[in-house]
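Asks: Next comes the sequence, and after it the predicted model I'd like to discuss.
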Amino acid sequence: MTNPLAWIAELHMAHSLTLVQGLTGHDVLVRIGGEPESIRQPDDADEVGALRDEALENYWDFGALHGGVAGDWAFAFEPASTWAFDDERLAAASRGTRLIGCYNGDSLGFVEHWVDGTLITKFDTRQPELRHEQRGEDPDRLVPEMGRAGFFDPESGLSPNLRALALLHDYTGVTLGPHEVTFGLMARIPAYDE
């Protein structure tokens, strides 16, 4: 399977990608927790770099967040943090629609699927067979997509992170390129309280 989202894992060791059907780029950034007053279209690469640098320097306070629309899906992408992956934020982003997303950070990686504020399935990308031990209304909902992405293939040479991105592409058909993401909307996303 060709994976047009693989560049994300290749360029960003820690990241999150959230896809929400039928929203605008602005709406997905607000719903996922982006500060509305910080949402803007960057003028150039220097402005993007400045936000990302500031987010890295203040990691425990906020992250950089990019957003836009690809086909029928809005995307929210964090290039160095996973602050969007909070139950309240994901529930809010999925109200009235459906959401699928993945994050990778340090040694953790998860895929989550939400519909209208309800968690449908969540699984650890390194141990997908344990998905029934996670919360979720239907842990097997994504089994066909998981199979096509290589999650059940012991011979697959793909990293769990690449499999997660392949699953997101398979489920949504979304393709994103680095330029499209970098120069879409951008915002700050506050760290969540643990």
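Replies: That came in fine, so what should we check first? Residues are numbered from 1 along each chain as shown.

Asks: in stretch 167-187, what's buried?
Replies: By neighbour count on 16 or more other Cβ atoms under 10 Å, the buried set for stretch 167-187 is 167-172, 174, 176, 181-187. To be clear about C-beta, it is placed using only N, CA and C from the backbone, and glycine gets the same treatment.

Asks: no wait, stretch 56-72
Replies: Neighbour-count burial for stretch 56-72 flags 62-70 (criterion: 16+ other Cβ under 10 Å).

Asks: distance of the closest residue to Ala6 other than its chain neighbours from Phe151?
Replies: Counting by Cβ to Cβ, 6 or more residues apart in numbering, Leu162 is the residue found nearest to Ala6 once chain neighbours are left out, at 5.7 Å. To Phe151, Leu162 is 11 Å away according to Cβ to Cβ, to the nearest Å.

Asks: Compare the two (neighbour count), which wins?
Replies: In terms of neighbours (other Cβ atoms under 10 Å), Phe151 is the more surrounded of Leu162 and Phe151; the figures are 25 against 21.

Asks: show me where pLDDT drops low in the protein?
Replies: Where the chain drops to pLDDT under 70, the residues are 1, 194.

Asks: Tell me which stretches of it form strands.
Replies: Counting by DSSP state E, one finds strands in the chain at the ranges 15-21, 62-70, 73-78, 98-105, 108-115, 118-124, 185-190.

Asks: Which strands and helices lie in contact with the longest one?
Replies: Contacting strand 62-70 under the criterion 3 or more Cβ pairs under 8 Å, 6 or more residues apart in numbering; DSSP states H and E are the following elements: helix 25-31, helix 45-57, strand 73-78, helix 178-182, strand 185-190.

Asks: Now do the residue sitting furthest away from the middle of the chain against Gly147, distance only.
Replies: Distance to the chain centre peaks in the chain at Glu155, reaching 26.0 Å (criterion: Cα atoms, centre = their mean). As judged by Cβ to Cβ, Glu155 and Gly147 stand 13 Å apart.

Asks: One more: Leu5?
Replies: 18 Å.

Asks: who has more neighbours, those two?
Replies: Using other Cβ under 10 Å as the criterion, Leu5 and Gly147 rank with Leu5 on top: 23 against 14.

Asks: In contact with the more buried one, which residues?
Replies: 17, 165-166, 168-169, 174-176 (Cβ atoms under 8 Å, 6 or more residues apart in numbering).

Asks: how about 7 Å then?
Replies: Neighbouring residues of Leu5 by Cβ atoms under 7 Å, 6 or more residues apart in numbering: 165, 168-169, 176.

Asks: Same check on Ala84?
Replies: Applying Cβ under 7 Å, 6+ apart, the residues contacting Ala84 are 16, 18, 32-33, 76, 78, 189.

Asks: let's see 8 Å
Replies: Going by Cβ under 8 Å, 6+ apart, Ala84 touches 16, 18, 32-33, 65, 76, 78, 90, 93, 101, 103, 189.
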